[in-house]
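1. Below are the sequence and a predicted model for it; my questions follow.
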Amino acid sequence: MLIKTYGSAVYGIHATTITIEVNVFNGVRFSLVGLPDNAVKESQQRIDSALREVGYKIPGKKIIINMAPADIRKEGSAYDLPLAIGILTATEQIKCPDLQKYVIMGELSLDGSLVPIKGVLPMAIKAREEGFEGLILPKENAREAAVVNNLKVYGIENIKELIDFFNGDAELLITEVDTRAEFYSHLNHFEHDFADVKGQENVKRALEIAAAGGHNIIMIGPPGSGKTMLAKRIPGILPPLSLQEALETTKIHSVAGTLEKESGLMTKRPFRSPHHTISDVALVGGGTIPQPGEISLSHNGVLFLDELPEFKRTVLEVMRQPLEDRTITISRAKFTVDYPASTMLISSMNPCPCGFYNHPEKDCLCPPGMVQKYLSRISGPLLDRIDIHIEVTPVSFDKISEDRLSEKSADIRARVEAAREIQSARFADEEGVYCNAMMSSRLLRKYCRPNKEGMNLLKIAMEKVGLSARAYDRILKVSRTIADLAGSENIETDHLSEAIQYRSLDRDGWGG
């Protein structure tokens, strides 16, 4: 008897429907074809044990299972459940007249219980697109899938529940999530607030500009000056995620398996802070079975690289293309996977190996030339791609000990949102451009045209500091953001002056 069940495979952040065909003949043999990997091939043992635990079994007959399309590699253990249901139906141990209405996915334990799986949100989106009535999967994944409307999502804990459902002996509860209500109820809950930061007004101004325009920023200063503390508070001043951004971000984390159990839609911008020992593949993604890396996991959020010069040179260099294109392409012999990587890079570093160059109270112990040598660990092309450079100095005792709270993150966020609204209106007709940092050369010529005095100022800065053409573009983008924060339609000379001072770490302009 030939039976078809339906599963789903995830490639990149998109899913493909997999048709599982089960046919039974006289004889004794179990064959699984359609490019399954070892985890899929091992499902026979898990299915056999699970079925015996709930009073069923794989009969001693010739069973052939094909996973179509047969030219796409099937990976992972999440096909256990659809394979098991297909075998039971094909051998007439259960009756499933509505089997074609559902996509079924889940990994089986030996006792018949289900283990959570990855990539549920792309699977749910694909199931709805292809007109399936429902999605059946482990209970821990149900809320994640239920954010997709117009699709019945059933979460189960044991294969026996699903068998009883298809036999008509029991009903399964539909998991329902009010996506919009849940999304908007968690938008403004942040653990860290700029009100706790004493002093550092110039750094907070630079971070506000970075948040308003989506600019990359590097902070340089001695140990204990507050670089990490400041970075952790940046998500609190970024504009809230839109519903579309939240769905896109959740898809990436769903594929990577980094969502919390029984979680639904991500409501906060991600903040990723990998250790400096990270490999280049872990940062940008890839592997034998391609997975999103840290730069994709921080999509629509913040990627914080603390102690930037301590990262391996190869790791830093692979970031150059994603920072420009805001997407990563992982190519293999038989397929290519694209991951989004529109992230805001926040980095920090000490000014020298000992950490006390330019310290107001402590002497630098590094030999001559060491400051430039230390900075040269960051290549010029990468430094060019960082829009804002800001020095962080230690806070005085008087500032630390004062009781007065600083400006709250909510107040800064209000100004950032106002600037972003100006940018949204400006780029309404430009596909894929949402903030000033994303402007192309064409858009720079259109929206960033300084007056004659401003051009003279830029010329002097270029000649004196030795800035590159890319740094010139960065200055124009930052000055456009400063003008937006000021509510100015034109880029004035003072906006350019402030933007130029944020290039202080360029190789010819800092550290002697």
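-> Received it, and whenever you're ready, just let me know what you need.
2. where do the strands sit along the stretch 151-300 of the chain?
-> Ranges of strands in the stretch 151-300 of the chain, per DSSP state E, counting those that start in this stretch, are 152-156, 217-220, 271-272, 285-286, 291-292.
3. I'd like the ones you listed laid out as CSV, including distance to Gly226 and mean pLDDT.
-> (Each C-beta comes from the backbone N, C-alpha and C, glycine too.) As requested, these are exported to CSV (distance: least, Cβ to Cβ, whole Å; pLDDT from 0 to 100):
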stretch, distance to Gly226, mean pLDDT
strand 152-156, 45, 96
strand 217-220, 9, 93
strand 271-272, 17, 94
strand 285-286, 31, 85
strand 291-292, 31, 90
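4. Please name the strands paired to the longest strand seen in the chain in the sheet, noting orientation.
-> In the chain, assigned by DSSP state E, the strand with the most residues is strand 14-25. Sheet partners assigned to strand 14-25 using DSSP bridges are listed as strand 3-11 (antiparallel), strand 62-68 (antiparallel).
5. Surely Ser279 touches Val315?
-> Yes. Under the contact definition of Cβ atoms under 8 Å, Ser279 touches Val315, with a separation of 6.9 Å.
6. Just give me how far the longest strand of the chain sits from the chain centre.
-> 30 Å (Cα atoms, centre = their mean, to the nearest Å).
7. Following it in sequence, what is the next regular element?
-> strand 29-33 (DSSP states H and E).
8. Give the bridge partners for the residue nearest to Val33 when sequence neighbours are not counted, please.
-> Residue nearest to Val33 in three dimensions, not counting chain neighbours: Asn66, with 5.3 Å by Cβ to Cβ, 6 or more residues apart in numbering. Asn66 has the following beta-bridge partners by DSSP bridges: Glu21, Val33.
9. and what of Leu108?
-> Bridge pairing for Leu108 - DSSP bridges - gives Leu114.
10. Repeat that for Val337.
-> Ile330.
11. roughly how far apart are it and Thr258?
-> 17 Å (Cβ to Cβ, to the nearest Å).
12. So for Gly287, what's the nearest residue that isn't a sequence neighbour?
-> Per Cβ to Cβ, 6+ apart, closest to Gly287 is Val281, 6.0 Å.
13. How many neighbouring residues does that neighbour have?
-> When counting by other Cβ atoms under 10 Å, one arrives at 15 neighbours for Val281.
14. Run through the chain and note the low-pLDDT ranges.
-> Within the chain, the stretches with pLDDT under 70 are 185-189, 262, 505-512.
15. Give me the domain ranges for it.
-> Listed by automatic domain parsing, the domain ranges of the chain are 3-177, 185-406.
16. To Gln423, which of those lies closest?
-> Each of the domains of the chain has some distance to Gln423 by Cβ to Cβ; the shortest is domain 185-406, at 7.5 Å.
17. what distance separates that closest one from the middle of the whole chain?
-> The answer for domain 185-406 is 13 Å, by Cα atoms, centre = their mean.
18. Cys366 falls within a strand, correct?
-> No. Looking at Cys366 with DSSP: H, G, I helix; E, B strand; the rest coil, it is coil, so not inside a strand.
19. Quick one: residues contacting the residue most central in space within the chain.
-> Closest to where the C-alpha atoms of the chain average out (Cα atoms, centre = their mean) is Leu297, at 2.4 Å. For Leu297, the contacting residues are Ile252, His253, Ala256, Thr258, Pro270, Arg272, by Cβ atoms under 8 Å, 6 or more residues apart in numbering.
20. ok, and the most crowded of these?
-> Ile252 (26 neighbours).
21. tell me the contacts of it?
-> With the criterion set at Cβ under 8 Å, 6+ apart, Ile252 makes contact with Ile13, Pro292, Ser296, Leu297, His299, Tyr339, Pro340.
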